[in-house]
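Pasting a predicted model and its sequence here:
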Amino acid sequence: MGISFIFMPFIRKTTSSYPWPVEVKRPSSENAGEYETFEFTAIFKRLSKSQLTEFQGATDELKALQDILLGWKDVTEEDGTEIPFTKANVKLFSEDIDFVNGLFEAYGKFYQRGTEGN
């Protein structure tokens, strides 16, 4: 039995932002040696090839976050209050190593091509 592929014509889209799931892993405050995983949806900017190359060489994490992150959903305070997406909040989160690691890892996956039939 062979593998069949369905091909669709390539359509150039003008959309430059896409929702993408992000997992943030933090050391558990209750279980020693374990991590807790938190999830939210980032709205990522799709970069051009030259912008992506520049992004990959960036040394300023705050600027890099500001370049790729256009919004978020399901980011809340401990009491469940939504945290609005603002430049000030992005700056605060840029100091949270777990948040930054999760976001950059998700952005890397955003640009990876999935493999089929492994």
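Cool, the structure landed. Residues are numbered from 1 along each chain as shown.

Is it correct that residue 66 is in contact with residue 87?
Yes - checked against CB atoms under 8 Å, the pair residue 66 and residue 87 is within contact range at 7.2 Å. (Glycine included, C-beta is placed from N, CA and C.)

And these two? Which one has more around it.
Summary of the neighbour comparison: residue 66 and residue 87, criterion other CB atoms under 10 Å, with residue 66 having more neighbours (15 against 9).

ok, now how distant is that one from residue 91?
Residue 66 is 9 Å from residue 91, where distance means CB to CB, to the nearest Å.

Residue 68 too?
Here the distance between residue 68 and residue 91 works out to 15 Å (CB to CB).

who has more neighbours, the two?
Per other CB under 10 Å, whichever of residue 68 and residue 91 has more neighbours is residue 68, with 22 against 12.

from the chain's centre, how far out does the longest helix that the chain contains sit?
If each helix of the chain is counted by residues according to DSSP state H, the longest one is helix 97-111. Centroid separation for helix 97-111 versus its chain: 5 Å, with CA atoms, centre = their mean, to the nearest Å.

Could you list every helix and strand in contact with it?
Using 3 or more CB pairs under 8 Å, 6 or more residues apart in numbering; DSSP states H and E as the contact test, the elements touching helix 97-111 are strand 17-27, strand 35-45, helix 61-68.

Show residues contacting the lowest-mean-pLDDT helix or strand in the chain.
Taking mean pLDDT, DSSP states H and E as the measure, helix 49-56 is the helix or strand of the chain with the lowest mean score, a mean of 84. Applying CB atoms under 8 Å, 6 or more residues apart in numbering, the contact partners of helix 49-56 are 47, 64, 67-68, 111.

would you list the residues you listed in a markdown table and tack on distance to residue 105 and pLDDT?
Formatted as a markdown table, the contacts of helix 49-56 follow (distance: CB to CB, whole Å; pLDDT from 0 to 100):
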| residue | distance to residue 105 | pLDDT |
| --- | --- | --- |
| 47 | 16 | 87 |
| 64 | 13 | 90 |
| 67 | 16 | 90 |
| 68 | 12 | 93 |
| 111 | 11 | 78 |
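
Kind regards, and thank you for your time.
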